[in-house]
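# Structure for this input, please:
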Amino acid sequence: MVIVIFIIMKADKKVFLALSLIALMGTFASCQTIKDTKTAKDTDTAVQNTEPTETAAEPKMTDGIKEKDYQGYTFTYLAHGNGLGIASRFADEMWVPEETGDVINDAVVQRNRLLADKLNISIAVEAVEDPQKTLRSTVLANDNAYDMAGDYKVSSVTMAAEGLVRDWNTLPIDYTQPWWSQGARSGLSVLDRQYLMSGSILISEIDDTLAMIYNKTIAETHDIEDIYSLVEDGQWTLDRFISICSEISGDLNGDGKMQAGDDLFGYIQDPNSMTYNWFFACDLLHGAIDDDGTYQFHFDAERTQNMFDMLSPFLKSSNVVSDLDLYEGLTYFKENKIFCYAIILRNLEMLRDMDLNFGVIPYPKMDAAQAQYITHVGGASPILTIPKTNIEDDERLSSILDAMAIASYEIMIPAYYETALKDKVVRDPQSTEMLDIILASRSYDLSYYCGVGVIQACSAPLRTGSNNVASTWAKHEKGYIKQIQKTIDKLLSGDT
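All right, here's what the predicted structure looks like:
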């Protein structure tokens, strides 16, 4: 077990920090630049005032947080920390010991100081290898050990189905505000019950967003049209993507065969999440829950078949690799041997030392008629839950949660998005606009987080070059719907 504890107390208007750390260290809601101040310039109609003017502070959203005195209450967060480098971020986004000069690290400290000043609380994080197991044992023992938990989405759905967590909608919080994820609200709601929630508190979800990168130098060499313009005009579609990537290949070592790492490829992806995302990007998943709790899934056979007919042969082309390890591919991309590569945004920081320019773009749409670009939020980042035992003081809980979300929106999100991501990684203004499009297009799908393997099963023919998706779907349809319905029934049967 790894335990991280951060205590901030307010006394005589000074903030004192008591630190204890054993740690390793990577919907969001909305991402925008927040200006801290602006200069007011007063001008008389007849004579301009030449005296020095005062700088008026622009009102901040955090100014609206009502001050409370919760007498040093310790708000304890259960995080996933299994020793992986990325998992340590799940604890670090809630607490770090001190300012280090790193933008994100220092933003966490600043947010938590603000919460201490406004509410007189302390923050504690306990990072464990198996949050699901830990939460189950504490809830069954009626032990109110944790105020909030953050675990992988599949595990969190399981915890909700077991009746271990509360309905967020029982708390007096306005979730329509931009610091709460509207995608999570709509995609993870079960007949107005909200067992899973996301928002600006979870910057790790930005990390887990799927996108694409492309080598701009290769694009110029091959006289490729401006992909940014295609995206902005709504014309970055599956057929254009395939057409462009198909133009690019090269037997760089002259051995007469194409080998990843040795030669130039038009497109490469890993075999898992990047393949699954095509179902989201092409808008193929349409599930809904009827008023009586019955799950309905509309399988658009024609649209799905069209996607397979285009994408499946392409993924088996000689200049495409659809099953390469994600991090191995990043190395080849940096070596100028991949034109277009599917990533998660966390991978961008690994490209800081890349000499050549690259662009960041969303997955393409199925066609120009599709309303928007879509990318799903992967399952390898946490989602927030409230343990069922946390019923001691809903007023205090609501105040802390909302204040934490507001402060994260004003402090954490700009620090991550504007400074750490935009300023240090992407290479041009257009890519920052692309990031806005990508993050605005994120979706959450409850059926995917139910752990049902139908997307995985239907993805297999894509990688093998088969386009017989109808038979694959028919084989899995009943079991798929039955398993999702079973989870929904459990969610609706409890008093969570």
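# Only C-alpha atoms from now on, for both contacts and neighbour counts.
OK.
# Count the residues that sit near residue 486.
Using other CA atoms under 10 Å, residue 486 has 14 other residues around it.
# what's the answer for residue 329, then?
If we define neighbours as other CA under 10 Å, then residue 329 has 23 of them.
# May I have the phi/psi pair for it?
Backbone torsions for residue 329, taken as degrees, to the nearest 10, come to phi -60, psi -30.
# List the residues that contact it.
Residue 329 makes contacts with 268, 269, 341, as judged by CA atoms under 8 Å, 6 or more residues apart in numbering.
# Looks like residue 160 contacts residue 492 (just checking).
No: between residue 160 and residue 492 there is no contact under CA atoms under 8 Å: 10.0 Å.
# mind listing which of the contacts of residue 329 are in strands?
268, 341 (DSSP state E).
# Nearest to residue 227 among the contacts of residue 329?
residue 341 (13.9 Å; CA to CA).
# for the closest one, which residues make a bridge with it?
residue 213, residue 268 (DSSP bridges).
# pretty sure it contacts residue 267?
Yes: here residue 341 reaches residue 267: they are 5.7 Å apart, a contact under CA under 8 Å.
# What residues of stretch 298-306 count as buried?
residue 304 (16 or more other CA atoms under 10 Å).
# which residues are contacting that stretch?
284, 285, 286, 287, 467, 468, 469, 470.
# Could you do stretch 65-79 as well?
By CA under 8 Å, 6+ apart, stretch 65-79 touches 7-10, 90-91, 94, 118-128, 131, 145-151, 396, 403.
# Buried by neighbour count, from these: which ones?
If we count by 16+ other CA under 10 Å, the contacts of stretch 65-79 have these buried: 7-10, 90-91, 94, 118-128, 131, 145-151, 403.
# Between residue 341 and residue 267, point out the one with more neighbours.
residue 267 (27 against 24).
# show me what contacts that one?
Residue 267 neighbours (CA under 8 Å, 6+ apart): 245, 319, 320, 321, 338, 339, 340, 341.
# And the pLDDT at it?
At residue 267, the model reports a pLDDT of 98.
# picking up where we left off before, farthest pair in the contacts of stretch 298-306?
287 and 467 (22.7 Å).
# quick one, which of these two is more surrounded?
Neighbour count, other CA under 10 Å: between residue 287 and residue 467, residue 467 has more, with 22 against 16.
# residue contacts, the residue lying closest to that one once chain neighbours are set aside?
Nearest non-adjacent residue to residue 467, counting by CA to CA, 6 or more residues apart in numbering: residue 308, 5.2 Å away. Applying CA under 8 Å, 6+ apart, we find residue 308 in contact with 462, 466, 467, 468, 469.
# What about the residues you listed, which one has the most neighbours?
Going by other CA under 10 Å, residue 462 tops these with 27 neighbours.
# Make sure it is indeed in a helix.
Yes: the assignment for residue 462 is a helix, going by DSSP: H, G, I helix; E, B strand; the rest coil.
# With residue 120 as the reference, measure out to residue 105.
As judged by CA to CA, to the nearest Å, residue 105 and residue 120 stand 21 Å apart.
# Check residue 126 too.
From residue 126 to residue 120 the distance is 20 Å (CA to CA).
# try residue 65
Counting by CA to CA - residue 65 and residue 120 are separated by 13 Å.
# ditto for residue 318
Relative to residue 120, and taking CA to CA, residue 318 is found at 61 Å.
# got it, and residue 265?
For residue 265, the distance to residue 120 - CA to CA - is 56 Å.
# Same check on residue 371?
46 Å.
# Let's see stretch 400-410 as PDB, backbone CA atoms only.
Extracted in PDB, the C-alpha atoms of stretch 400-410 (Å, rounded to 0.1, in the frame of the first residue of the first chain):
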ATOM      1  CA  ILE A 400     -16.000  20.400  -0.600                       C
ATOM      2  CA  LEU A 401     -16.700  18.500  -3.900                       C
ATOM      3  CA  ASP A 402     -18.100  21.600  -5.700                       C
ATOM      4  CA  ALA A 403     -15.300  23.800  -4.300                       C
ATOM      5  CA  MET A 404     -12.700  21.300  -5.500                       C
ATOM      6  CA  ALA A 405     -14.200  21.200  -8.900                       C
ATOM      7  CA  ILE A 406     -14.400  25.000  -9.200                       C
ATOM      8  CA  ALA A 407     -10.800  25.400  -8.000                       C
ATOM      9  CA  SER A 408      -9.600  22.700 -10.400                       C
ATOM     10  CA  TYR A 409     -11.400  24.400 -13.300                       C
ATOM     11  CA  GLU A 410      -9.800  27.700 -12.500                       C
END
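# from now on call the first residue 9
Yep, numbering from 9; the last one is stretch 408-418 now.
# chain center to that stretch: distance?
Centre-to-centre, stretch 408-418 and its host chain are 17 Å apart (CA atoms, centre = their mean, to the nearest Å).
# List the buried residues in stretch 329-337.
Buried residues in stretch 329-337 (16+ other CA under 10 Å): 329, 330, 331, 334, 337.
# do stretch 164-172 as well
164, 165, 166, 167, 168, 169, 171, 172.
# With stretch 475-484 instead?
475, 477, 480, 481, 484.
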